[in-house]
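J.: okay, here's the prediction I keep looking at, along with the sequence it came from:
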Amino acid sequence: MKLSDFQFDLPERLIAQTPADPRDSARLLHVPAEGDFHDRGVRDLPALLQSGDVLVVNDTRVIPARLTGKRGEAKVEVTLHKQLGPSRWASFARPARRLRPGETVVFADDFSATVESRDGGEVALAFDGDDAYVARGLAAHGVMPLPPYIKRPAEGQAEDRDSYQTVFAARDGAVAAPTASLHFTPTLVEAIRARGVEIVHVTLHVGAGTFLPVKVEDLSQHVMHSEWGEVSAEAAARINACQGRVVAAGTTALRLIESAAAEDGRLEPWTGDTDLFILPGYRFKRIEALLTNFHLPGSTLFMLVSAFAGTKRMRAAYDHAIAEGYRFFSYGDASFLEK
């Protein structure tokens, strides 16, 4: 399978730079398994769900993981993307080539880290304090790690500390938002529950690797960055007891459930790293419907939705979305896909 199979032309004007306000005023494209597409709004989501369904949401919380520091007199930009251990983080650095093991990167008078190792543009950093020290430093000096296609300076991003966080956010650790859930409001959650739908929380700490472009034409050579996730015993039991469909709110929830599910679809409590790469031909074990945003051309996420609903079907859906002016990517509109 080739990268070029998943490329398409997207007008830059459709890349959303700010979220819908209010959040649930975003548009929603309903893509049923067969038949016509339907232009709806996110507030119509409860009507697309059925009593007995389980909606799986990702309760990860985005941390302000982008930092600017100095190595001597040289400026260094760092984005943390995965915790390696207490006070230790894998990070993307720019420029990284001059960072050497043992050197110190100073982010503020009271906040610094030591370079442990470097591999290309990725460095392992050991912060000069415990996890509480890291949390305080990020809160004081970090900014939200917005995707590179959102164009505004860091000083203009204060509002993103709220807008780039979902209503389900509870567990610190993500450096990218599970963007399908950015559309939810307390009112929408209440309406979904009133429909007879159970909402189950799982955790996948989304890493900055989600923004990295696929650089190989032969997709069998692409290596996914791993991300840490957890399905609790309670969440597994509630999903296993589902009498309707298991619906994923976002590709992160989908990847986690598919990583944890046995071949027969049954879930056990699960904790660990997943680097699941879903391409057309993948047999889905548990997820039967998906709420998701519109994704980048040539991205692993467009490959995933093509695997879920069919490549031809998703190309047609994206052609429709582009023609109708839907907004794309993290702060954009949503789609609801059914198998």
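T.: Perfect, thanks for sending it.

J.: ok now the strand ranked longest in the chain, how far from the chain's centre?
T.: As assigned by DSSP state E, the longest strand anywhere in the chain is strand 74-85. Relative to its chain's centre, strand 74-85 lies at 18 Å (C-alpha atoms, centre = their mean, to the nearest Å).

J.: and after that strand, which helix or strand comes next?
T.: Going down the chain from strand 74-85, the next helix or strand is strand 88-94, by DSSP states H and E.

J.: about what we covered before: neighbouring strands - and their directions - for the longest strand of the chain?
T.: strand 66-71 (antiparallel), strand 88-94 (antiparallel) (DSSP bridges).

J.: what comes up buried for the last one?
T.: Within strand 88-94, the residues that qualify as buried are 88, 89, 90, 91, 92, 93, counting by 16 or more other C-beta atoms under 10 Å. C-betas here are computed from N, CA, C, even on glycine.

J.: tell me the spatial nearest neighbour of the third one, not counting adjacent residues.
T.: When the adjacent residues along the chain are set aside, residue 90 lies closest to residue 82, with 4.5 Å between them (C-beta to C-beta, 6 or more residues apart in numbering).

J.: so who does that neighbour touch?
T.: For residue 82, the contacting residues are 89, 90, 205, 207, 209, 225, 226, 227, 228, by C-beta atoms under 8 Å, 6 or more residues apart in numbering.

J.: ok, now with 7 Å
T.: 89, 90, 207 (C-beta atoms under 7 Å, 6 or more residues apart in numbering).

J.: do the same with residue 304
T.: So residue 304 contacts 251, 278 (C-beta under 7 Å, 6+ apart).

J.: doesn't it belong to a helix?
T.: Yes: according to DSSP: H, G, I helix; E, B strand; the rest coil, residue 304 belongs to a helix.

J.: for the chain, longest helix please?
T.: The residue-count maximum for a helix in the chain (DSSP state H) belongs to helix 311-323.

J.: what mean pLDDT does that one get?
T.: Mean pLDDT, helix 311-323: 98.

J.: how far out from the middle of the chain is it?
T.: 21 Å.

J.: can you name every helix or strand that it contacts?
T.: Using 3 or more C-beta pairs under 7 Å, 6 or more residues apart in numbering; DSSP states H and E, the elements in contact with helix 311-323 are strand 27-31.

J.: after the strand it packs on, next one along is what?
T.: strand 38-41.

J.: which positions in that next one come out as buried?
T.: Quick answer for strand 38-41 (16+ other C-beta under 10 Å): residue 40.

J.: and stretch 260-268, by the same measure?
T.: Neighbour-count burial for stretch 260-268 [16+ other C-beta under 10 Å]: 260, 261, 265, 267.

J.: could you pull out the helices in the stretch 51-200 of the chain for me?
T.: 131-141, 160-163, 186-194 (DSSP state H, counting those that start in this stretch).

J.: low-confidence regions, this structure specifically.
T.: 153-157 (pLDDT under 70).

J.: what comes up buried for the longest strand of the chain?
T.: Buried residues in strand 74-85, counted by 16+ other C-beta under 10 Å: 76, 78, 79, 80, 81, 82, 83.

J.: just the CA atoms of it, as PDB, please.
T.: Taking Å, rounded to 0.1, in the frame of the first residue of the first chain, the C-alpha atoms of strand 74-85 are listed here in PDB:
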ATOM      1  CA  ALA A  74      21.800  29.200  21.700                       C
ATOM      2  CA  LYS A  75      18.000  29.100  21.600                       C
ATOM      3  CA  VAL A  76      16.300  25.600  21.700                       C
ATOM      4  CA  GLU A  77      12.600  24.800  21.200                       C
ATOM      5  CA  VAL A  78      11.400  21.600  22.800                       C
ATOM      6  CA  THR A  79       8.200  19.700  22.600                       C
ATOM      7  CA  LEU A  80       7.700  16.800  25.100                       C
ATOM      8  CA  HIS A  81       5.900  13.900  23.600                       C
ATOM      9  CA  LYS A  82       6.100  10.900  25.800                       C
ATOM     10  CA  GLN A  83       7.100  10.300  29.500                       C
ATOM     11  CA  LEU A  84       9.900   7.800  29.800                       C
ATOM     12  CA  GLY A  85       9.900   7.600  33.600                       C
END
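
J.: also compute the angle for it relative to helix 131-141, please.
T.: Put simply, strand 74-85 runs at 140 degrees to helix 131-141, going by axes from the mean of the first three to the mean of the last three C-alpha atoms, to 10 degrees.

J.: roughly how far apart are the closest residue to residue 30 other than its chain neighbours and residue 106?
T.: Leaving aside its sequence neighbours, residue 30 sits nearest to residue 38 (C-beta to C-beta, 6+ apart; 4.0 Å). Taking C-beta to C-beta, to the nearest Å as the measure, residue 38 falls 54 Å from residue 106.

J.: equivalent analysis for residue 32, please.
T.: 55 Å.

J.: cool, and residue 272?
T.: Distance of residue 272 to residue 106, computed by C-beta to C-beta: 34 Å.
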